[in-house]
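# Coordinates only, no sequence provided:
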């Protein structure tokens, strides 16, 4: 019984992390219909920047509770700077070109971001554990967890809820939905579609950076981090349905629980479980759990 | 939406021959000749690079075929690793190190796995196609890591020097003889791919990026086009893997990692994926770029690749081959005076 | 030898989209060699009918028989292989290739092994057939030129030529003159109908332009609200006031 509790708790923690990683990716796909492979890079940048700032203020002897503020600050800096930069300088130039070219462009940016991290912060892993140890530990079924893990779960729920409210409940959200469903009509009605694209991409980048900064205290950020998460984030949104916020949540839950199961019961499968699930779900429902079937128009 | 191709390949045209079609066989012969004599002109390390470039050219061709059809594949490391580990297992578990024997085995295994996997994968397009075959190669990567008592795990496998049909090349001509072995195979495959591109299947592949609807409403099966190409690409990937394994002498699970596939995509883009020579030029250029980057900017390898990719995508989507064609066209126009009709 | 079976027959063909009945028990028989025009206002169901018989949509009820064979539920690719080819309102062409290559691919598609990969696309037999098709449609001078260089009328002609090259039993044209300027409309239709009549091909075309329908069709089917409300020669059908109201009045 203890094992089941542990598996569930682990599952939810993984799910929270995966959700924070992937929700920005699905948002960008939903609006711009581009799979942003560089998403992993922005996520890693957020993690690195947050870690870096938090470590700096600890060095200066400031109040350790400010590390949370620093994490947030790091994420905001990255999201608000890197997001518009990528969209305006690069992505904008390939709108309307073949999907393959757009994919390759974002892949190129990922490569650049991954090495940029190396150049700025070096190759030694960095860890700021203060934000997670600060809240103390709690033992569940004999395994120690920090309260921070549960904060992560709470943050992901709140975050998801905020995004859903933003998209469904605000005027801004309605504009986004309009652009998603018909770009030409939106333009005809006077919506500045290109600005919406920039805003949407920046929002997605912010989500990525926030996700990275949020989980940074639980792992040691190291080079190659960006590349690792790319496939995971795609798996989450592919399972859930690309462009669907609820889908990202569900996909994160699926994979999180599956990974927890694998780790505790079939450790050899831990690495592959994410790919296996993606393959199985897509074989059964190609558009994902909440995805919409795209009908070809003649 | 069609891909921007820098110079499409039209083998023969009925109305008025183009200068490109005329000097093509000549340029091809010159290139072939160069490849034959090059071992006597260049240092050993460069010959090694060329051998690896020729081998990788095979799998980059496969990736280029898909790019031609508007599909990006991030999963061909799967077949590449299958080929490489064919040579590795041959060496380690079966005591076989004959290249002439193992090359067909690698090709066959690559094709068989592609035939199996393709049944499922070829139902997808766009990002799903890209990411699903990425997932498959990552599954192989995980298997290669986990089952270390068979695969050697992270240490990989050392591949013994190849024999050619039982003939054990003496040390000093090993590199040379293996180069020619690779060259002959590459030449044969290049010819086959050339015919492929001129065939209905080759054109349907190009049409895929253009208008799937017209293909279906002509009564031809889009899925069959993709599937056939996929099986062929699996064979090419396996071939490349075996050849590189013998050339390099050591293989690791990273041969199946998705960044390896990314490297192949990069080379296809760099050289120009709409032609047959493009991927070869890209592969050779890549090996040289890598050598110099390792020397001058070892920590910025990925960034170097990324920046080059951006430049190509934004400035010259047709890659190096398109640049060559542009220069050649301008040159021949100047030589022949009046512009062609 | 008179043929007793219709070449195309639908029986009680029905299709609904939610509450809307886009096709309501359509029953019709078309004989070999007929030249049939289909008219109706937007939303009358004529496009739905077209999409049903070409396999793009699957009917809720009813059957479609092509040359006596049940083709209900078959996807467009198989419907084409059975012998029903269609052209499109927006021409579906391979824009990155030459006009001749477009035709060659159509010819290649009809063979059983359309995915042959050794013999070239440019082969004597297909080149001859292809140039012949282009000649019939007046496109010979464009043969080696890119599709992008074709004028609008030429694109329409090529679109039909590609379907014609499949040597179908029935050729279905979806608004062949839409997007064509008024001066060129009749020229385009003259060419199209001329070629098709010459080979005695059963032709069905959906059209908005009543003048075109009146001039070129031997038989007219009128759609309104998902039903087929009239079926006869152009003069008899178009003289009926309710038909005129249905087709023109509700625009």
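Noted; the coordinates are in hand. Note that the structure is predicted; figures quoted are calculated from it, not measured.
# tell me the mean pLDDT for the longest helix seen in chain A?
Secondary structure assigned by DSSP state H gives helix A:2-32 as the longest helix of chain A. Mean per-residue pLDDT for helix A:2-32: 88.
# same for it, what does it pack against?
Applying 3 or more C-beta pairs under 8 Å, 6 or more residues apart in numbering or on different chains; DSSP states H and E, we find helix A:2-32 packed against helix A:39-59, strand A:137-140, strand A:143-146, helix A:147-169, helix A:171-181, helix A:193-215, helix A:225-240, helix A:245-265. (C-beta placed from N, C-alpha, C; glycine too.)
# between the last one and helix A:193-215, how big is the angle?
Helix A:245-265 and helix A:193-215 meet at an angle of 30 degrees, taking axes from the mean of the first three to the mean of the last three C-alpha atoms, to 10 degrees as the criterion.
# Helix A:245-265 vs chain B: in contact?
No - under the criterion of C-beta under 8 Å from any C-beta of the partner chain, chain B is not reached by helix A:245-265; the shortest gap measures 11.4 Å.
# Just the buried positions in the next helix-or-strand element following that helix, please.
Sequence order places helix A:270-284 as the next helix or strand after helix A:245-265, per DSSP states H and E. Buried residues in helix A:270-284, defined by neighbour count with 16 or more other C-beta atoms under 10 Å in any protein chain shown: A:270-279, A:281-282.
# Closest one of those to residue C:49?
Nearest to residue C:49 among the buried residues of helix A:270-284 is residue A:282, at 35.0 Å by C-beta to C-beta.
# can you tell me how far the closest one sits from residue A:210?
28 Å (C-beta to C-beta, to the nearest Å).
# one step back: name the residues of the longest helix of chain A that are buried.
A:6-32.
# near chain B, which residues of the stretch 151-298 of chain A show up?
In this structure, the stretch 151-298 of chain A approaches chain B at residues A:227, A:231, A:234-235, A:238, A:242, A:268, A:271-272, A:275-276, A:278-279, A:282-283, A:286, A:296, A:298, judged by C-beta under 8 Å from any C-beta.
# on that earlier part again, among the buried residues of helix A:270-284, show me the least confident.
Lowest pLDDT among the buried residues of helix A:270-284: residue A:271, 75.
# and the residue of the stretch 151-251 of chain C nearest chain B?
Closest to chain B within the stretch 151-251 of chain C is residue C:166: 6.4 Å, counting by C-beta to the nearest C-beta.
# element containing the nearest residue to that residue once chain neighbours are set aside, please.
Counting by C-beta to C-beta, 6 or more residues apart in numbering or on different chains, residue C:166 lies nearest to residue C:85, which is 4.8 Å off, once chain neighbours are set aside. Taking DSSP H and E as the criterion, residue C:85 maps to strand C:84-87.
# Helix, strand or coil: sort out residue 64 for me.
Looking at chain A here, since you left the chain open. Secondary structure, DSSP: H, G, I helix; E, B strand; the rest coil: residue A:64 is coil.
# Chain C, not that one
Of the three states, residue C:64 takes strand under three-state DSSP.
# Per-residue pLDDT of the nearest residue to residue B:227 once chain neighbours are set aside, please?
Once flanking residues are discounted, residue B:227 sits nearest to residue B:122: 4.5 Å by C-beta to C-beta, 6+ apart. Looking at residue B:122, its pLDDT is 91.
# show me where chain C has strands.
Using DSSP state E, the strands of chain C run over C:8-17, C:20-30, C:35-40, C:61-66, C:69-70, C:84-87, C:170-174, C:202-206, C:219-224, C:227-232.
# Could you list the residues in contact with the fifth one?
Counting by C-beta atoms under 8 Å, 6 or more residues apart in numbering or on different chains, the neighbours of strand C:69-70 from elsewhere in the structure are C:63-64, C:82.
# Kindly reformat those as TSV and extend each row with pLDDT, neighbour count and distance to residue A:119.
Output for the contacts of strand C:69-70, formatted as TSV (pLDDT from 0 to 100; neighbours: other C-beta atoms under 10 Å in any protein chain shown; distance: C-beta to C-beta, whole Å):
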residue	pLDDT	neighbour count	distance to residue A:119
C:63	93	15	68
C:64	94	23	65
C:82	93	18	62
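# Serialize those residues to CSV and add fields for distance to chain B.
What follows is those, written out as CSV (distance: C-beta to the nearest C-beta, whole Å):
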residue, distance to chain B
C:63, 22
C:64, 17
C:82, 9
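# Taking the centroid of chain C, which residue is nearest it?
When chain C is reduced to its mean C-alpha position, the nearest residue by C-alpha atoms, centre = their mean turns out to be residue C:172, at 1.6 Å.
# what sits against it?
Residue C:172 touches C:50, C:53-54, C:84-87, C:163, C:203-206, counting by C-beta under 8 Å, 6+ apart.
# Tell me how many other residues crowd the residue of the stretch 1-150 of chain A found nearest chain C.
Nearest residue of the stretch 1-150 of chain A to chain C: residue A:98, at 11.2 Å (C-beta to the nearest C-beta). For residue A:98, the count of nearby residues is 20 (other C-beta atoms under 10 Å in any protein chain shown).
# measure it to residue C:34 for me?
Applying C-beta to C-beta, the value for residue A:98 to residue C:34 is 43 Å.
# How about residue A:7?
In terms of C-beta to C-beta, residue A:7 sits 70 Å off from residue C:34.
# How about residue A:237?
Distance from residue A:237 to residue C:34, by C-beta to C-beta: 52 Å.
# That'll do, ta.
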